[in-house]
Structures are given as structure tokens and as C-alpha cells.
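> pasted the sequence and its predicted model underneath.
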Amino acid sequence: MSIPATTSPLVAASLAVIREGQSAEGAYLACPTFPTYRYSWFRDGAFIAEAMDLWGHSDSAGAFHNWTVKTIAAQASLAGQVSADGEFQPGHLLHTRYRADGSPGSSEWPNFQLDGLATWLWALERHLSRHGLEASDSQRSATRVVADYLLALWARPNFDCWEENAEELHSATLGAVYAGLLGAAKILGEPQYEGAASAVRAYLLTHGVQNGHFSKHVGGEEVDGNLLWLTVPYGVLTADHPISRATARKVRADLLDPEGGVHRYARDTYYGGGSWIILSAALAHDHLAVGDRTEAERLLVWIESQATPEGHLPEQTSRFLNDPAYLPKWEERWGRSACPLLWSHATYLTLVKALEVP
Ligand code: BGC
């Protein structure tokens with residue numbers, strides 16, 4: 001099947017959604033129309049900046065990185081109080097999301113999450129190397145703040161990328177820390193961060209694998225769709241490695257809905273636990289990485305079919321819910337599920353680019 005994807009109206013719509021969702025300060029609001037998501041998350045933003053770079057919108061990516069550098073700089077003295085062996089006072093942690101003006105915002109949030117900061121280091125390094133740029137002094141100093149923070153804390157349980165399960169060490173988070181520390185080593189030209197990245201990877205490969213596949217968290221057996229990121233983009237293992245193959249097989253067996261959507265994990269009940277666009281895109285990258293272009297294209301078509309008539313991609317779709325009883329409960333609490341989600345659009349754009357390579 002040959003898809004003229006670059007000409008798909010959803011490409012233009014996606015670029016527009018992301019541009020419109022970027023604040024004057026450079027922050028990407030996760031979903032401007034969903035009040036709880038009127039913040040800029042490092043995790044979402046890193047994936048979005050990468051997509052914008054790929055599509056030639058490096059001004060947008062650069063503005064996000066500048067926003068992040070300033071936001072981190074403003075918090076640097078707080079983060080610096082986390083001791084080298086990971087001791088910290090409540091309130092001394094970096095948050096996972098900030099307001100567009102760089103302030104933390106007033107609502108309570110599960111902020112102790114490491115994967116977003118780590119993924120930002122990965123994205124910043126890609127941004128700099130793609131454009132042949134040397135890191136500026138402020139970029140170097142924000143990189144060091146984040147890398148040292150990750151070094152001090154990576155072995156401590158923290159909330160996962162879904163902002164849940166604070167008591168566990170999550171494989172996807174460890175993979176992000178690995179990729180982020182490698183990024184820091186390159187940005188700073190300091191090999192000790194590469195050594196630390198290798199130690200995190202070794203820990204993950206020893207403790208984050210059960211029955212031959214990666215597990216959602218250390219000591220568990222369950223899988224999570226986020227484990228697909230351990231190959232693309234985090235690069236912990238290549239997609240053809242037996243652990244990657246076993247992981248992708250189990251993700252498909254446990255989490256793939258009959259049409260092409262991927263659930264986050266089997267017990268997910270957030271808005272009923274539907275299928276997430278970002279994870280179908282991740283599964284498509286996995287197929288592509290092992291040469292199964294047909295399946296990757298099928299998933300792209302599925303993603304396109306989830307867009308609203310005005311070209312908006314949701315966070316999740318509600319056609320196959322793990323537990324429908326939770327949908328009205330969440331709607332009552334926060335309103336209708338987030339749409340358009342900038343991160344969904346970004347993963348769509350990145351997948352289209354990946355499929356352009358013959
Ligand atoms: C997701 C996070 C995401 C945030 C903003 C949350 O519901 O679990 O992964 O960063 O929304 O999009």
C-alpha cells in the first residue's frame with residue numbers, strides 16, 4: 001500500500017494544532033482545550049519538539065527548548081538541594097509540568113517523575129546535533145542540572161509516565177533515563193554521564209525483564225504499552241533483540257484492541273482505559289524497525305481514522321474500554337477526555353516521517 005501521507009490533510013492539521021498550542025514563551029500546552037492539561041509537560045514537549053524538528057519547524061522546537069532551559073534555570077537551586085545520594089526535602093523536587101510562564105501552578109500533582117526530564121535531554125541533544133549547534137552556556141547548565149538530578153534519583157521509585165504507581169521503579173522510566181544521560185554526555189562532552197547511562201541500562205536489563213520480556217515495573221510481570229519506547233526512541237535494545245520481540249508480542253497479545261488501538265496497560269481505568277494514539281504510533285515504529293511496513297502503514301491509517309472532522313487527534317479513543325464504568329466518573333471530574341492532544345499529533349507526524357523512508 002502506498003500512502004501519500006505527507007499530503008494527508010492531517011499533517012497540516014497536526015502542525016497547526018501544535019503551533020496553536022505553543023505559547024508565546026515556547027511552552028507546548030498538552031491540550032489547550034482541556035483545563036487540567038493547560039500546562040507544558042517535559043515529556044510531551046520533548047516528543048513534540050522532536051516532531052516539529054523533523055518537519056522543518058525548528059523555530060518551534062528551539063522555542064520549546066529555550067522555555068525548558070529557562071524553566072529549569074529558575075528551579076536549579078531547588079534541584080541542587082537534592083543530595084548526590086538522592087536525599088531530598090519535600091518541595092525540593094523538579095515538577096513534571098509547568099505553566100507557560102514557567103511557574104509551577106497551584107494544583108496538586110504527582111510531580112515526582114523522572115522520565116519527562118530525561119526525555120527532554122534526549123530531545124535537546126537531537127535538536128542540537130541535527131542543526132549542527134553547540135550547546136549555549138544556559139543549555140549546558142540546564143543539562144547539567146537535569147543530568148545530576150537524574151543521577152541522584154534514578155534508583156528511587158517515582159511516578160511513571162502515566163503519573164501513577166509512585167512506589168515502583170518503571171522500566172520505561174529507566175529507559176528514558178538511559179537515553180537522557182547519553183544525551184547529556186554528548187551535549188556536555190563528559191563521558192562520566194555515558195558511564196552512568198550504561199549502569200542504568202545494565203540495571204534495567206537485569207531487573208526489568210521477566211519471562212524474557214520487559215516488565216512494566218521492576219519485579220512485576222505485566223506489560224505496558226510504554227515499553228515499546230525502550231527500542232524507539234530510547235534505544236536500550238534494537239527492535240530485533242529477543243527481549244524486544246518478546247515485549248512487542250506480549251504488548252500486542254495483552255493490549256492491542258481489535259482495530260489497531262493500544263491500551264496503556266490491562267488494568268487502566270483512566271477515562272475507562274481506552275486505546276492511546278501515541279501507543280499505536282509506538283507499535284507502528286516497532287513494526288517498521290523489524291521490516292513490517294504493511295502493519296506500520298495499517299496502524300497509520302488507523303490513527304488517521306481517529307481524527308475528528310476538523311483534524312483533531314484525541315489522547316485516547318473510547319471504542320474499546322477496559323472498564324466503561326469509569327468513563328462517566330472521569331467525565332464528571334475533569335470534563336470530556338483531552339482532544340486535541342498535541343503529543344498525539346506529534347507521534348502521528350513522526351510516524352509519517354519514518355514511513356517516508358523507503
Ligand atoms: C498522561 C501523561 C501526559 C499528560 C499530558 C496524562 O494523562 O498520563 O503521560 O504527560 O497526560 O498529556
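Yep, it's here.
> residues touching residue 86, list them.
152-153, 155-156 (CB atoms under 8 Å, 6 or more residues apart in numbering). From N, CA and C alone the C-beta is placed, and that goes for glycine too.
> generate a PyMOL selection restricted to the buried entries among the residues you listed.
The PyMOL command for the buried members of the contacts of residue 86 (criterion: 16 or more other CB atoms under 10 Å) is given here:
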select buried, resi 152+153
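> adding pLDDT and secondary structure, write the contacts of residue 86 out as a markdown table.
Converted to a markdown table, the contacts of residue 86 look like this (pLDDT from 0 to 100; DSSP: H, G, I helix; E, B strand; the rest coil):
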| residue | pLDDT | secondary structure |
| --- | --- | --- |
| 152 | 94 | helix |
| 153 | 95 | helix |
| 155 | 96 | coil |
| 156 | 95 | coil |
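> closest to residue 29 out of the contacts of residue 86?
When the contacts of residue 86 are compared for distance to residue 29 (CB to CB), residue 153 wins out at 26.7 Å.
> what about the closest residue to the closest one other than its chain neighbours, helix or strand, and which?
Of all residues not flanking residue 153 in the chain, residue 86 sits nearest, at 5.1 Å (CB to CB, 6 or more residues apart in numbering). Using DSSP states H and E, residue 86 is not contained in any helix or strand.
> so residue 315 touches residue 342, yeah?
No: under the criterion of CB atoms under 8 Å, residue 315 makes no contact with residue 342, lying 9.9 Å away.
> the more surrounded of those two?
Shown here are residue 315 and residue 342; by other CB atoms under 10 Å, residue 342 has more neighbours (30 against 22).
> where's the more buried one relative to residue 112, distance?
According to CB to CB, to the nearest Å, residue 342 and residue 112 sit 23 Å apart.
> quick one: contacts for residue 238?
Contacts of residue 238 by CB under 8 Å, 6+ apart are 231, 244, 289.
> next helix or strand past the longest helix belonging to the chain?
As assigned by DSSP state H, the longest helix anywhere in the chain is helix 58-80. Downstream of helix 58-80, the first helix or strand assigned by DSSP H and E is strand 97-98.
> neighbouring contacts of that following strand?
27, 30, 39-42, 71, 104-105, 109, 111, 116.
> partner strands of it, parallel or antiparallel?
Take DSSP bridges as the rule and strand 97-98 pairs in its sheet with strand 40-41 (antiparallel).
> which parts of the stretch 251-358 of the chain sit against the ligand?
Within the stretch 251-358 of the chain, the positions adjacent to the ligand are 341, 343 by CB under 6 Å from any ligand atom.
> point me to the residue of the stretch 201-350 of the chain nearest the ligand.
residue 343 (5.5 Å; CB to the nearest ligand atom).
> pretty sure that residue sits in a helix.
Yes: membership of residue 343 in a helix is supported by DSSP: H, G, I helix; E, B strand; the rest coil.
> pLDDT at it, what is it?
pLDDT for residue 343: 99.
> pretty sure it is touching residue 47, no?
Yes: the pair residue 343 and residue 47 passes the contact test of CB under 8 Å, sitting 5.7 Å apart.
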